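K.L.:
Quick one: sequence and predicted model below, then my questions.
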Amino acid sequence: MKAKIYITLKNGILDPQGRAIQQALQTLGFGTVGEVRIGKFIEVDLCETDKTSAGNTIKAMCEKLLANTVIEEYQYEILEAN
Amino acid sequence: MNIGIIVFPGSNCDRDCAHVLSEVMGQTAQFIWHQERSVQGMDAIILPGGFSYGDYLRTGAIARFSPIMEAVVEFAGRGGMVLGICNGFQMLLELGVLPGAMLPNRDLSFICEDRYIRVENANTPFTNHCEPGQILKLPIAHAEGNYYTNPVTLSALQANAQIVFRYCDREGKVTSQGNPNGSLDNIAGIRNAAGNVLGLMPHPERGAEHLLNNEDGVYIFRSMISALETHKAPQPV
């Protein structure tokens, strides 16, 4: 199985990179651009067959290492096929 | 005093710390490779600055799981003195030994320059040779020094005098201009509730010698040594 993990700064925490890109997009003429948030995308291959078990493993990885929950939040999806 | 300096892959201020401790302060500095599992015999531990593990994922996030860290946390837990400088401060945050986290600098740049910090608490093992409100000029060198914590923790830090250093201007005023990186409440260094662990972003080891035209860092090392002479680190039973 494959897990796709998305890590972003929590709402309310200033994201200077996102703000810089927002300003760049607006300067380029994309007038409809609102807030931009930058995050991390991580793909993990897992030797698991059970989707629930894989989800629990990924959640533990996020809590322990992949995300710093003081400032970040995470979402993930588990895909059956590689 | 025997002071252990933990060396991680990517540490680059370990030798500066050892030089100051031995050549300037007349102490014994010992390097401890991060794969070791014991800090026995050490009176204090320094987590030095640098780019451990290339700052991959987040600063300090991987170093935090180095084998030696269990011994460092245990040492800190029984009252041992631990100083985290720059990347070492980031590790202490990732470990949860100190509260909060580091965000990228407000202006997204790596900042390498001298900055002023004000001693907010002179009654700690790291600042007992400073006057309350004393201004120190020390170099900073980081891209992630923008300290953040939630409002409840910030109130607790303020109430317990855990904010040891705050960025200020040349006159000692804590202003946004004096804040290089956007750090919450101008925080440059905090201690734990028990008071035996300090993390700070500025580099005292890079400004602790007449030759470098800056000796302000000596205040911090001299304070540590005085505190150690009064209370030797507890050894495991």
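P.N.:
Received the coordinates, thanks. Please read all numbers here as calculations on a predicted model, not as lab measurements. Numbering: from 1, shown residues only, chains lettered A, B, ... in the order given.
K.L.:
so what's the residue of chain B found nearest chain A bridging to?
P.N.:
Closest residue of chain B to chain A, C-beta to the nearest C-beta: residue B:101 (4.0 Å). C-beta: built from backbone N, CA, C; applies to glycine. According to DSSP bridges, the partner residues bridging residue B:101 are residue B:148.
K.L.:
helices and strands of chain A: which one has the lowest mean pLDDT?
P.N.:
Here the helix or strand of chain A ranked lowest by mean pLDDT, DSSP states H and E is helix A:16-27, holding a mean of 93.
K.L.:
Residue A:71 is in contact with the residue of chain B closest to chain A, correct?
P.N.:
Yes: assessed by C-beta atoms under 8 Å, residue B:101 is found in contact with residue A:71 at 4.5 Å.
K.L.:
any residues in contact with both of those two?
P.N.:
residue B:148 (C-beta atoms under 8 Å, 6 or more residues apart in numbering or on different chains).
K.L.:
More neighbours: the two, which one.
P.N.:
Applying other C-beta atoms under 10 Å in any protein chain shown to residue B:101 and residue A:71 shows that residue B:101 carries more neighbours, namely 23 against 18.
K.L.:
Tell me the pLDDT of that one.
P.N.:
We have a pLDDT of 97 for residue B:101.
K.L.:
how about it, what does it touch?
P.N.:
A:68, A:70-71, B:93-94, B:147-149.
K.L.:
before we move on, what about residue B:197?
P.N.:
Residue B:197 neighbours (C-beta under 8 Å, 6+ apart): B:76, B:81-84, B:92, B:97-98, B:191.
K.L.:
Any chance of the backbone angles for residue B:162?
P.N.:
Backbone torsions of residue B:162, given as degrees, to the nearest 10, read phi -90, psi -10.
K.L.:
How about the one 5 residues further on?
P.N.:
Note on residue B:167: backbone dihedrals following degrees, to the nearest 10 are phi -70, psi 140.
K.L.:
My guess is it contacts residue B:183. True?
P.N.:
Yes: counting by C-beta under 8 Å, residue B:167 does reach residue B:183; the two are 6.5 Å apart.
K.L.:
Name the residue in these two with the higher neighbour count.
P.N.:
residue B:167 (27 against 21).
K.L.:
that older thread, list the buried ones in the least confident helix or strand of chain A?
P.N.:
A:16, A:18-19, A:22 (16 or more other C-beta atoms under 10 Å in any protein chain shown).
K.L.:
quick one: it near chain B?
P.N.:
Yes: with C-beta under 8 Å from any C-beta of the partner chain as the criterion, chain B is reached by helix A:16-27 at A:16-17, A:20.
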